[in-house]
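1. sequence and predicted structure below; questions after.
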Amino acid sequence: MSIDTEFEALDTELFILQTRLINIMSKTSWILSILSVICVIGWGIIGLLLLSQWETWNRWHHPLYTGKWLRQHVRQQAQTTVVQRIRNFVCCLC
């Protein structure tokens with residue numbers, strides 16, 4: 001065998017190996033792309049679930065949602081108006 005035929009045989013084998021490697025890499029890239037999309041969708045779903053749980057917790061525990069803040073605000077307004085009425089009444093008597 002001459003050197004030229006050996007180089008041609010090696011070149012052919014190298015070409016076949018390169019083609020196989022390209023095929024494997026393209027399949028791997030598709031698999032990685034699909035996995036990354038699945039991960040993004042999964043994290044989005046987890047985030048939405050956590051956000052909905054946070055909203056549920058806020059509805060049960062946060063003072064704005066439970067009405068404690070509103071009751072305290074109304075009570076404070078009522079107390080200030082009562083104090084103002086008493087002051088006005090005392091001022092009218094003087």
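-> Done, it's in.
2. so for the helix or strand in which residue 85 is found, mean pLDDT?
-> Taking DSSP states H and E as the definition, residue 85 sits inside helix 68-93. Throughout helix 68-93, pLDDT has a mean value of 74.
3. what about residue 26, distance to residue 4?
-> With the distance defined as Cβ to Cβ, to the nearest Å, residue 26 ends up 33 Å from residue 4. Backbone N, C-alpha and C define where each C-beta goes, glycine included.
4. so what does the helix holding residue 85 touch, helix or strand wise?
-> Contacts defined by 3 or more Cβ pairs under 8 Å, 6 or more residues apart in numbering; DSSP states H and E place helix 68-93 against helix 63-66.
5. grab the longest helix from this structure for me.
-> helix 3-61 (DSSP state H).
6. can I see the domain layout of the chain?
-> Following automatic domain parsing, the chain resolves into domains at 1-61, 63-94.
7. just the pLDDT for residue 57.
-> pLDDT, read off for residue 57, is 67.
8. and stretch 19-39, how far out from the chain middle?
-> 26 Å (Cα atoms, centre = their mean, to the nearest Å).
9. now do it: everything it contacts.
-> The contact list for stretch 19-39 (Cβ atoms under 8 Å, 6 or more residues apart in numbering) is empty.
10. grab the CA positions of that stretch and hand them over as CSV.
-> C-alpha atoms of stretch 19-39 as CSV (Å, rounded to 0.1, in the frame of the first residue of the first chain):
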residue,chain,number,x,y,z
THR,A,19,-20.0,13.0,10.5
ARG,A,20,-20.9,10.7,13.4
LEU,A,21,-19.7,13.3,15.9
ILE,A,22,-21.8,16.0,14.2
ASN,A,23,-24.9,13.8,14.3
ILE,A,24,-24.3,13.0,18.0
MET,A,25,-23.8,16.7,18.7
SER,A,26,-26.9,17.8,16.9
LYS,A,27,-29.0,15.1,18.7
THR,A,28,-27.4,16.2,22.0
SER,A,29,-28.2,19.9,21.3
TRP,A,30,-31.8,19.0,20.6
ILE,A,31,-32.1,17.1,23.8
LEU,A,32,-30.4,19.9,25.8
SER,A,33,-32.8,22.4,24.2
ILE,A,34,-35.8,20.4,25.1
LEU,A,35,-34.5,19.9,28.6
SER,A,36,-33.9,23.6,29.1
VAL,A,37,-37.4,24.4,27.9
ILE,A,38,-38.8,21.9,30.3
CYS,A,39,-36.7,23.4,33.1
